[in-house]
Each structure stands twice: as C-alpha cells, then as structure tokens.
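when you get a sec, could you give me coordinates for this:
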Amino acid sequence: MHVGMAAIFQNPERADGITDYAVYQRDMKLALMAESQGFESVWGIEHHFTDYTMMPDVVDFLSFVGGACRKVKLGTMVVVLPWNDPMRVAEKMSMLDCMSDGRALFGIGRGLARVEFEGFRQNMGDSRERFVESAEMILQGLEQGYCEYDGKHIKQPKARIRPEPFKSFKNRTYAAAVSAESSQIMANLGIGVLVIPQKPWEVHAQELKEYNDLFLQIHGQAAPRPYIAGWVMCDQDGAKAEALARKYIGGYWRSVVQHYEMSSDHFATTKGYEYYSKLNETIEQLGVDGMAEFFMSLQVWGTPEQCYEKLQDIHARTDACGFTGIFSYAGMPLEIGRANQSLFAREVLPQLKQLGARPAFDLEADTAPAFLHAVG
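Predicted structure coming up:
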C-alpha cells in the first residue's frame, strides 16, 4: 500500500485559547516531518469559514509542501468543485504538477456544509450537477490541453491550460463518494473512489464492488483501486490509545456534527443530499455520543499491532491501493500529534507498504496526455 498523511488544521472553539496562526505552525511541523518519516504523500482538505478545517486553498498548501520536500506526492483531499471556477482548478493542478515534477494526486468532491455553500453564494441543490459538469470539463481539459464546455451551469469558451499538462491525470484522480449515487457518478467519469469511512466497512466493501462492476461495464477495463483515509491514534499502551481516541476522534466527530449541521433536518429538503437525511435519523436514534462511538469504531487506533491489524482488515475488504492517516485533530496538542504520527511511521508504516505490493499510481510510466501524443 501507498501510505500518506493529511493535515487538517482544526481549531475547535479556539481550543485552549490557541490562535489559528499557532494551529498552522503546529500542523505544518507535522506535514513537513512526513517525508523524513517515510510517508509517501501529503494531503490537504479544502474547507472554509469555520474552525472545522481551516484550509481555503489546498493547492497553495501543497505548493509549499512540494517546495520544502522533494519526494512526497501531493494530494488534494479534496478540491470542492462547486466552490471553484473549474478553469482555475485545471490551471492550478497543471501548475502544481509542473512545479513538483509530476507529483500531484487529484482528489475532487462536491461539498456538504450549508455554511460553505452560503458563503460562496452557491445553491446547494445544484451541487451535484455543478460537480459533474466541472469534473467533465477539468478532466477533459487536463487530457486535451484546453478547456471548453457548454453545460447547464458551466459555460467555458475554449481556453488553453498554461502551463500545459505534461502527464496524464488518469489513474491519479479520485473523488470522495459516500452515497451509492456518488459512486455511480465516479464510475461514469472514469475516476477512482476516495473512501472516507462513515459506514460499516462491509457496506463500503459492497458499494465498492458495485462501483467496480459498473466501471468495468462502462469502460471495459478494471477500475482504479480505491484510496482510503482515516483518523489514527497510535500508542504503545492500548488503554491510553483508547482513551485518547475517545477524546480526540470523538471530539472530531462532534466537530463534524456541528459543521455539517447533522442534527438539522435540512438535508431532507436539499436536492441531491437525501442520503444524509438517513444519517440524521441515525443520530436521532443513537445520539451524538452513540454516533461518536460508531465513528470511532471505523477508524484506526490502538497499539501499533492493533493499528496494523485494523488496516490489514480494511485492505482485505477493499483491496485499497493506499491509506492516508490524519494524526492531529480536535485541538490535539503538538506533542500528542507528533508522538502519534511518529510511532505510526516507525512501527506501522513499514508493514503497510508491504500490503498489496503493486504500484498505487501510474506516475512513473510514460503517460503523456492525449494532445502531447498527437503533436509528438
């Protein structure tokens, strides 16, 4: 498996009076440690306006990391397409790839938080249509060297991407998919699935099988292997790891409920988000604390041996090509995040790299985009 780490820059209610600047200094230290610890990629997650995740421009973050580090791949987890001009996204990803000598991994999504759609003056009910149109335009543009699109929401006259893409983004483009409808969209687009666990792993495995079958039916070839992300709490003392997981992974879940208004019923009346109304019903049944327990059960925590066993089980269920761990969250002090990440890197990461020993991303092959083949 390919093994990465992600920085998310959370500052829940200014935990312990810490400033946003201090949060950035803390999490940047962890991100810039990753390469020397053996992590193969660093990822960032786009969010706006709240303390849930303070990363308004994930490509800016990755540009800094890519300049400071020479080997790690640079992943967007994700760029939220309805909040961005798709022409600019195509340009920025091509620029990041050129600057980093082809290290970019492109993750995309459509967004979920009402506060973020309202902040960008976007109709949340249009997000699925906007996502599909933007994704089609960007993915076509990165292969043909220019963007041109005439859709319901996206009207883009022909414009070249400069710097032009020098490598294909096929087999290194992923999209976050939670609902079965989203998985079908990703299969139609011909891109991989990024799994951010929110359901029992057996349900994720079944939905991945359906996606794989559909991808093969549409494209006549096997789908890219899925990519997994998850929250990690690793400690040599199992009881301490569990206590820390309850505090911080549970705390992260509570920030999810707050940021996404999971206790509200607005998903039931928002087009394209009907799936999340079922999650709201589950929260009503189990309560926030009960759902925090369930969310914690999906994540990776315990001793190094327990963390590896959990990831081994996830790999067996999903045939994942890679895993990205999130090691600092929910106002966690730097010393706990550093110890968590360092222990995982030292005792779990080397074993993970031996799981499913096949290339995760086709970055080394001669994969020039179609337009360069045509002029070459």
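
only C-alpha atoms from now on, for both contacts and neighbour counts.
Fine.

C-terminal to the longest helix along the chain, what's the next element?
What stands out as the longest helix in the chain, according to DSSP state H, is helix 274-298. Sequence-wise, the next helix or strand downstream of helix 274-298 (DSSP states H and E) is strand 300-302.

ok, the closest residue to residue 134 other than its chain neighbours - contacts?
Leaving out its chain neighbours, the residue that sits closest to residue 134 by CA to CA, 6 or more residues apart in numbering is residue 86, at 5.5 Å. Residues counted as contacts of residue 86 (CA atoms under 8 Å, 6 or more residues apart in numbering) are 134-135, 137-138.

in strands, which of those appear?
Among those, DSSP state E puts none in strands.

in helices only, show me the residues you listed.
Reading helices off the contacts of residue 86 with DSSP H, I get 134-135, 137-138.

between these, which sits nearest residue 305?
residue 135 (39.7 Å; CA to CA).

filter the contacts of residue 86 down to the buried ones.
Buried members of the contacts of residue 86, counted by 16 or more other CA atoms under 10 Å: 134-135, 137-138.

would you turn those residues into a markdown table with pLDDT and distance to residue 13?
As requested, those are exported to a markdown table (pLDDT from 0 to 100; distance: CA to CA, whole Å):
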| residue | pLDDT | distance to residue 13 |
| --- | --- | --- |
| 134 | 98 | 34 |
| 135 | 98 | 34 |
| 137 | 98 | 38 |
| 138 | 98 | 36 |
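
following element in sequence after whichever strand or helix holds residue 59, please.
Here residue 59 sits within helix 58-68, counting by DSSP H and E. Moving toward the C-terminus from helix 58-68, the next helix or strand (DSSP H and E) is strand 73-76.

give me the residues contacting that next one.
So strand 73-76 is contacted by 40-46, 58-59, 62, 65-66, 103-108 (CA under 8 Å, 6+ apart).

that strand pairs with which strands?
strand 41-44 (parallel), strand 104-109 (parallel) (DSSP bridges).

got the contact list for the nearest residue to residue 158 once chain neighbours are set aside?
Sequence neighbours aside, residue 148 is the residue nearest to residue 158 in space, at 4.4 Å (criterion: CA to CA, 6+ apart). Neighbour list for residue 148: 137, 141, 155-159 [criterion: CA under 8 Å, 6+ apart].

now residue 324, what's its secondary structure?
strand (DSSP: H, G, I helix; E, B strand; the rest coil).

secondary structure element for residue 212?
helix 201-219.

hey, what's the angle from that helix to helix 274-298? Just curious.
Per axes from the mean of the first three to the mean of the last three CA atoms, to 10 degrees, the angle that helix 201-219 makes with helix 274-298 is 130 degrees.
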